[in-house]
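>>> My questions are about this predicted structure, shown below with the sequence.
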Amino acid sequence: MGNFRRILAAGIVCGLIFSCSGCGQKTSKADKTDITAQIVDEEVNDMSAGSAEPSAVSQRDIDKMILPIDAAICSEWERGLRHNDKSDEVIWSALMYIMWDYVKSADTQSDAVISISKEKLMDYAADLFYGLERLPQRIPEAYQYQISYSENDNTYIITPSYRENTETKLGNFTENADGTYTGTADLYSTDTNELLATWEVILAPNPGYSTESSLSTKLAIKELNLQEVRQTEKTFAKSATFLGLTDSHTVEVQFVNGELAQFQFYDEDVAGKLSGLFEGNEFAFSYTMDRETGISEITQIY
């Protein structure tokens, strides 16, 4: 996976990569995705490179969608945010996940932060959300510690979102009568190789596609529909800074990367320990997350 990220940084996408792994871990190469005969051969597509009009979709174009699809899936899986282009929170969440792979590909930049031009970030956003024409001007409060904009050089400074140890693999894609493409994406645990969930993915020709940008893709995510959740609940261990109680069953915390988050709590022992904390106190805790609702509940404080 490390090789994939270095290739991506150089603007070259290899047509033999079909899985995307979280946390920068190296993964085994997935079996090659079968694309139906309706999608033209790569060689035909390559002949039209550089033309003003988007050329026909190739196997390589499908393969190149693994990065945005993986980012969109992680945003849903880890935050419970359903993919749509009408929510500033959803858009910025997906962008921070796709930046995780971007930052790992940039050898000259810190693993903790990345500076990217507004133009380049828009190329990624157009891949993630079909028909998106501009980046949201409003940065949600929960992400303001992770995202800042510099008007002087028209760049965003982003701390990417941490990721679970997961890997996304694409299934077969078929062309539809309306020119879109429908396929599946499976999310696996890289620790256990367990299938966690499956999504239906609908791709459409990207109206923002540019042959001048190595980050731009011919296709964009039009719909992402969760089909099956196999791991409905999982326990996580985290440490964070206590910011306060927003109500009798909700606590707000800040993680080390600046991200803000809220957790529910109902256990009396947990409630007692939280009530004894002051703003700025660091604490460690375990929590569960319902994958279908996105609700996270603290179950234990250490």
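Arrived safely, thanks for sending. Numbers count the residues shown, from 1 in each chain.

>>> all contacts plus neighbour counts: C-alpha atoms, from now on.
Fine.

>>> isn't D70 right next to T166, touching?
No. In this structure D70 lies outside contact range of T166 using C-alpha atoms under 8 Å: 9.4 Å.

>>> So for those two, which sits in the more crowded spot?
D70 (27 against 23; other C-alpha atoms under 10 Å).

>>> Look up which helix or strand the residue lying closest to that one once chain neighbours are set aside falls in, please.
Excluding the flanking residues, the one nearest D70 by C-alpha to C-alpha, 6 or more residues apart in numbering is T168, at 5.7 Å. Secondary structure assignment for T168, by DSSP states H and E: strand 166-175.

>>> is Q300 in a bridge, and if so with what?
Q300 has these beta-bridge partners by DSSP bridges: S286.

>>> All the strands of the protein, residue numbers only.
With DSSP state E as the criterion, the chain has strands at 19-21, 114-117, 147-150, 155-158, 166-175, 181-189, 195-205, 219-229, 233-247, 250-254, 260-264, 282-290, 296-301.

>>> Nearest residue to the middle of this protein?
A71 (1.8 Å; C-alpha atoms, centre = their mean).

>>> Quick check: that one touching I98?
Yes. Judged on C-alpha under 8 Å, A71 makes contact with I98 at a distance of 5.0 Å.

>>> so what sits against both of these two?
Counting by C-alpha atoms under 8 Å, 6 or more residues apart in numbering, A71 and I98 have no contacts in common.

>>> How much space separates T166 from T184?
The gap separating T166 from T184 is 16 Å, by C-alpha to C-alpha, to the nearest Å.

>>> hmm, back to that, will you turn the strands of the chain into CSV that also has mean pLDDT?
Listed next are the strands of the chain as CSV, based on pLDDT from 0 to 100:
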stretch, mean pLDDT
strand 19-21, 54
strand 114-117, 88
strand 147-150, 92
strand 155-158, 92
strand 166-175, 93
strand 181-189, 96
strand 195-205, 96
strand 219-229, 94
strand 233-247, 87
strand 250-254, 95
strand 260-264, 90
strand 282-290, 90
strand 296-301, 93
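
>>> and of those, who's closest to L132?
Distance to L132, taken as C-alpha to C-alpha, is lowest for strand 219-229 among the strands of the chain, at 9.6 Å.

>>> List the contacts of that closest one.
Contacts of strand 219-229 (C-alpha under 8 Å, 6+ apart): 61-62, 65, 68-69, 83-84, 126-130, 196-206, 209, 291-292.

>>> let's go with 7 Å and repeat that
83, 126-130, 196-206 (C-alpha atoms under 7 Å, 6 or more residues apart in numbering).

>>> do stretch 67-87 as well
If you take C-alpha under 7 Å, 6+ apart as the criterion, stretch 67-87 is touched by 20, 90-91, 93-94, 97-98, 127-129, 168, 224, 291, 293-294.

>>> which two from the residues you listed end up farthest apart in space?
D127 and T293 (25.9 Å).

>>> ok, these two, which is more surrounded?
Shown here are D127 and T293; by other C-alpha under 10 Å, D127 has more neighbours (29 against 13).

>>> In this model K218 seems to touch that one, though I could be wrong.
No. Using C-alpha atoms under 7 Å, D127 is not in contact with K218, being 8.1 Å away.
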